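Novice: Need a 3D model of the following:
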Amino acid sequence: MAAGAMVLPYVLPGGSLFAPTGSRKANHVVFCMFAGGVRNLESVHKNDGNLMPSMLNGNESISSDIVSSMSALPSPAVSSPLQNFGTLYKEFRYDQGPTGHFNGHTTAITGQYTNSSLSLLERPSYPTVFELYRKHNTPSMSALNSWWITHTNNLYPILNYSNYAGYGPTYGANQLSPNDLFSSRTVPNLINKNNFSGNNKELQDDIRKFMNNNFGGGLNASAGMKNDTEDAEKIENWIDKVLQDISSGSLNNPWNIPSYMNGDMYNIYFAEEVLKQFQPELLVVNMFGVDTCHTDFSGYCNAMRRADWAVGHLWDTIQNTPGLANDTVLIVAPEIGRNGTPNSIVDANGRPALDHTNSDPMSKEIFCLVAGPPSVVNQGKVISQEAGRSIDIVPTIANILGFDSEIPGLLPGNVLHDAFI
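Specialist: This is a model prediction of the structure:
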């Protein structure tokens, strides 16, 4: 793709930023939302065995009926579970607001509770972590330092910036939905050997349309969002290389998974590629495969195990990338939990499915894992009592990157001090 030939509507300007901020714990933060609604019973409590061996210690055997429904995976990409490299909050809470996915995402990304009037067609009412980072950090930082990698171009990209006065698109994140833009699985015939060439205007137009998808519902696609010329060229050149790799078939299964790479794995794979290519200081990525639990409990367990494997691979990539290794804090948490009371749907193993409703307190029970360098994060620490809330993640990120004292009273949550040295 010729440099400068394609304008990416989610790529935002470097902007004029505020004064340098305080001391940092680390120079990079990756926040991975283990999203789709994960119940503590199947994750940290291991009621059906250890479905998350890349993240959690323990050799608890997975229930035999669940094993029969699971697809093959290689051994974990990490030599030791992630909880040994950090602090595990076993009883974290999403303790206020409706237990919907978008509410949970909004709370985690803004550090503010949401309510039932939250509109799915409007940007958040409070600044996102991306805006807070970019407005209250070092002036030299560009938008290349802040990325939001979403599982879909529907709805979730609007969380890259808010409607809050004094913030907005100038301080938003570069947003990317790899499963929409880069996947020939979900976009049949968009990218293949026969129709791709570096000067294919039709393909460029198609990609632009896909990148515009999340601006449906009356949102303005021309909200002043673009990188400066140098950064835009870097991103376009990188996308060009990715498209060439897809056209050659080299990205059909880049992790060589023996069964298949699902959407969560592809999302994490491209988050890793962004980390390696641009080394942003702040990257947020979500996964969503476990939401199959509405109709298929066994499939939910399978998706949880695959998402866990992907998180382990993400950590391994961070530790093997110069510039990120020993200088990155990884935070992993679901956006919401799931009900204790099942619905009426039963899967092939006779397991009842689970929704997530506000009336069921288990839907507000989640976990949080904070992993990082031993000089920064407490290693192998487990906090078993109820501690920490979704709204604490944004102030914790701000504290790690050294700008929490610069934020003008916008965050009601607390820094997760127990996780740090």
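Novice: can you pull the contacts of the nearest residue to residue 150 once chain neighbours are set aside?
Specialist: Excluding the flanking residues, the one nearest residue 150 by Cβ to Cβ, 6 or more residues apart in numbering is residue 156, at 4.3 Å. No exception for glycine: its C-beta is placed from N, CA and C like everyone else's. By Cβ atoms under 8 Å, 6 or more residues apart in numbering, residue 156 lies in contact with 102, 105, 150, 177, 214, 286.
Novice: mind redoing it with 10 Å?
Specialist: Applying Cβ atoms under 10 Å, 6 or more residues apart in numbering, we find residue 156 in contact with 33, 35, 101-102, 105-106, 109, 148-150, 175, 177, 214, 286, 288.
Novice: again, but for residue 394
Specialist: Per Cβ under 10 Å, 6+ apart, neighbours of residue 394: 31, 107-112, 126-129, 132-133, 404, 407, 410-413, 415.
Novice: List the contacts of the residue nearest to it when sequence neighbours are not counted.
Specialist: Nearest residue to residue 394, sequence neighbours excluded (Cβ to Cβ, 6+ apart): residue 111, at 3.1 Å. Each residue near residue 111 by Cβ under 10 Å, 6+ apart is listed here: 126-129, 132, 389-398, 407, 410-413.
Novice: Restrict the residues you listed to the buried ones and give me that as a ChimeraX selection.
Specialist: Selection of the buried residues among the contacts of residue 111 in ChimeraX, burial being defined by 16 or more other Cβ atoms under 10 Å:
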select :126,127,128,129,132,389,390,391,392,393,394,395,396,397,398,407,410,411,413
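Novice: Quick one: the helices in the stretch 51-200 of the chain, in order.
Specialist: 64-67, 101-110, 129-135, 178-181 (DSSP state H, counting those that start in this stretch).
Novice: Mind telling me which of those the model trusts least?
Specialist: Lowest mean pLDDT within the helices of the stretch 51-200 of the chain: helix 178-181, a mean of 85.
Novice: tell me what that one is packed against?
Specialist: Helix 178-181 sits against helix 201-212, helix 229-248, helix 263-278, with contacts defined as 3 or more Cβ pairs under 10 Å, 6 or more residues apart in numbering; DSSP states H and E.
Novice: can you pull the buried residues of stretch 97-116?
Specialist: Those would be 97-114, for stretch 97-116 by 16+ other Cβ under 10 Å.
Novice: any idea how far residue 361 is from residue 93?
Specialist: Separation of residue 361 from residue 93 (Cβ to Cβ, to the nearest Å): 10 Å.
Novice: now the residue lying closest to residue 384 once chain neighbours are set aside: how far from residue 123?
Specialist: Counting by Cβ to Cβ, 6+ apart, residue 90 is the residue found nearest to residue 384 once chain neighbours are left out, at 5.1 Å. Distance of residue 90 to residue 123, given as Cβ to Cβ: 33 Å.
Novice: Check residue 47 too.
Specialist: Using Cβ to Cβ, residue 47 is found at 38 Å from residue 123.
Novice: okay, the two: which has more neighbours?
Specialist: The neighbour comparison of residue 47 against residue 123 (other Cβ atoms under 10 Å) goes to residue 123, with 22 against 12.
Novice: Quick check: that one touching residue 109?
Specialist: No - using Cβ atoms under 10 Å, residue 123 is not in contact with residue 109, being 11.1 Å away.
Novice: shared neighbours of the two, anything?
Specialist: By Cβ under 10 Å, 6+ apart, the residues touching both residue 123 and residue 109 are 159, 160, 162.
Novice: where does residue 304 land in three-state SS?
Specialist: Judged by DSSP: H, G, I helix; E, B strand; the rest coil, the three-state class of residue 304 is helix.
Novice: Most tightly packed of the helices and strands packed on helix 178-181?
Specialist: Mean neighbour count (mean count of other Cβ atoms under 10 Å) peaks for helix 263-278 among the helices and strands packed on helix 178-181, with a mean of 22.
Novice: Just after it, pick out the following helix or strand.
Specialist: strand 282-286 (DSSP states H and E).
Novice: hang on, the earlier thing: can you tell me which of the contacts of residue 156 is nearest residue 378?
Specialist: residue 33 (22.2 Å; Cβ to Cβ).
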